[in-house]
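Enquirer: Next comes the sequence, and after it the predicted model I'd like to discuss.
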Amino acid sequence: MNHHKRVLAGQTLHPESLMMGYGYDPALSEGSVKVPIFQTSTFVFRSAQHGKEFFELVAGLRELRENEQPGLIYSRFNNPDLEILEDRLTVWDGAEAALVFASGMAAIATTLLSVARPGDVVFYNAPIYGGTETLLMKVLPQFGIQGFEFAGNLEPHEVEARLAEARAACGPGGRIAAFMLETPANPTNDLVDIAHCAELAAGLHDQPGGRPAVIVDNTFLGPLWQAPLAHGADMVVYSLTKYVGGHSDVVAGAVLGARAALKPIRSMRSALGTMSDPHTGWLLMRSLETLELRMTRAGENAAKVAGFLANHPAIEKVGFLGHLAEGSREADLYARQCSGPGSTISVYVKGGEAEAFALLDRLSLIKLAVSLGGTESLASHPAAMTHIAVPAERKRRFGLLDNLVRISVGVEHPDDLIADLRNALS
Ligand SMILES: Cc1ncc(COP(=O)(O)O)c(C=O)c1O
């Protein structure tokens, strides 16, 4: 039996069905219905010759032969829990291959270190998750790689003008190495046009080393409500800590894309040791079985919560993708790019930090914690927490305001969530 079969009697199987067994052969594991946890650091070779051949592959000294399965060597390079998880992740995004990492930041950092060299510029939208901002503005510059941002809410011709400035900022021999896009952006829910950025990247085909890679952080809507590869992205990155893990009990990340595009990232992951581990891989496979159920319920709840907040007198504005003004640039982009508004809401209270903190401190069912995409609802203050390291002037420019509270809506009963918010706002 082919354990990578996606069609059954003419029926193309849906991702939620494939999550139960895709990529796994029970016969290799005593008939166990579930993938066991391969809690081992190393694997016994059948012969010294086999060991040599496996290492030739990992070292990039030869290509995979026809019908050859890459052998298991050592859990920094590969492990069944990680490989089966990677196969399952490809299903949702329509990707050829995937790599899993110890965290979302490990995935992003390993990817950028694979595509950028000293003198290069990474063109990214702001705001962006605070950890990614720190990587681009503080860490990568120490290695000669500069981040150059454009505001996520710019008109297309303004993005083009910023890109021209970014090109001028490249060092000697440098290039635009990548577009690093996060859409919707954390924490404002700004949308960035992936297809337009892919066109701009294609326009740079004549720079040394060819066109830049278009990398999209799909953590906020993926994999259910946005498929960046279908809009021209080369790679999709995830914090699997969020919706995919979904229970706020693991930290992990992933990169998806064409096998050839991931090859240097795989080598970099092996060299840096930024891979995930067998137990986390096993937990994530368990999570994937209920991903569609959890995300669907969270999305339904978020629409109800956002509707309640939008009409509350203590709230100035609600940033929710289900509430975009008809005919606006964002609404048009949303219709082209997304298939659901997600469950993360940007709530602007009337007042400033004091009023935002008062709301956070009075919540009870909704927990005061950073992160998102879990079964339980969480609320946080981005300007004082996840994005605290962003300088004040940039915070103002990119909408990281003191009155902004971010709420990640979970799968509790929506009436209870609304009761908690009503009570906290009263
Ligand atoms: C959009 C986004 N990308 C990446 C990350 C980083 O992920 P991790 O915490 O798994 O390293 C986060 C974390 O909040 C995030 O919100």
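Expert: In hand now; what should we look at? Numbering: from 1, shown residues only.

Enquirer: Next up, the contacts around the closest residue to the ligand within the chain.
Expert: Per C-beta to the nearest ligand atom, residue 104 is where the chain lies closest to the ligand, at 2.4 Å. Where you see a C-beta, it was placed from the backbone N, CA and C, and this is true even at glycine. Contacts of residue 104 were listed using C-beta atoms under 8 Å, 6 or more residues apart in numbering, and they are 129, 131, 217, 219, 237-242, 251-253.

Enquirer: Can you tell me the closest non-neighbouring residue to it?
Expert: residue 239 (2.7 Å; C-beta to C-beta, 6 or more residues apart in numbering).

Enquirer: hang on, residue 92 in a helix?
Expert: Yes: secondary structure assignment places residue 92 in a helix (DSSP: H, G, I helix; E, B strand; the rest coil).

Enquirer: what's near enough to touch the closest residue to it other than its chain neighbours?
Expert: Closest residue to residue 92 apart from its sequence neighbours, by C-beta to C-beta, 6+ apart: residue 223 at 3.4 Å. By C-beta under 8 Å, 6+ apart, residue 223 lies in contact with 15, 89, 92-93, 238, 243-244, 291.

Enquirer: try residue 12
Expert: Contacts of residue 12 (C-beta under 8 Å, 6+ apart): residue 6.

Enquirer: could the contacts of residue 223 be laid out in TSV, adding distance to the ligand, pLDDT and neighbour count?
Expert: As requested, the contacts of residue 223 are exported to TSV (distance: C-beta to the nearest ligand atom, whole Å; pLDDT from 0 to 100; neighbours: other C-beta atoms under 10 Å):
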residue	distance to the ligand	pLDDT	neighbour count
15	21	97	20
89	14	98	26
92	17	97	24
93	15	98	23
238	8	98	29
243	10	98	28
244	10	98	28
291	16	98	21
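
Enquirer: Which member of the residues you listed is positioned nearest residue 28?
Expert: Residue 28 has its nearest neighbour among the contacts of residue 223 in residue 89, at 20.4 Å by C-beta to C-beta.

Enquirer: how close does the nearest residue to that closest one once chain neighbours are set aside sit to residue 262?
Expert: Leaving out its chain neighbours, the residue that sits closest to residue 89 by C-beta to C-beta, 6+ apart is residue 98, at 4.3 Å. Computed as C-beta to C-beta, to the nearest Å, the residue 98 to residue 262 distance reads 8 Å.

Enquirer: Between those two, which contacts overlap?
Expert: Contacts common to residue 98 and residue 262, judged by C-beta under 8 Å, 6+ apart, are 255-256.

Enquirer: all strands of the stretch 251-400 of the chain, in order?
Expert: Secondary structure of the stretch 251-400 of the chain, counting by DSSP state E, counting those that start in this stretch: strands at 253-257, 315-319, 344-349, 367-368, 378-380.

Enquirer: Give me whichever of these is most buried.
Expert: strand 253-257 (a mean of 28; mean count of other C-beta atoms under 10 Å).

Enquirer: Quick one: distance of it to the chain centre.
Expert: Distance, stretch centre to chain centre, for strand 253-257: 8 Å (C-alpha atoms, centre = their mean, to the nearest Å).

Enquirer: same question, stretch 53-62
Expert: On the basis of C-alpha atoms, centre = their mean, stretch 53-62 sits 30 Å off its chain's mean C-alpha point.

Enquirer: So what would you say the end-to-end distance of it is?
Expert: 9 Å (C-alpha to C-alpha, to the nearest Å).
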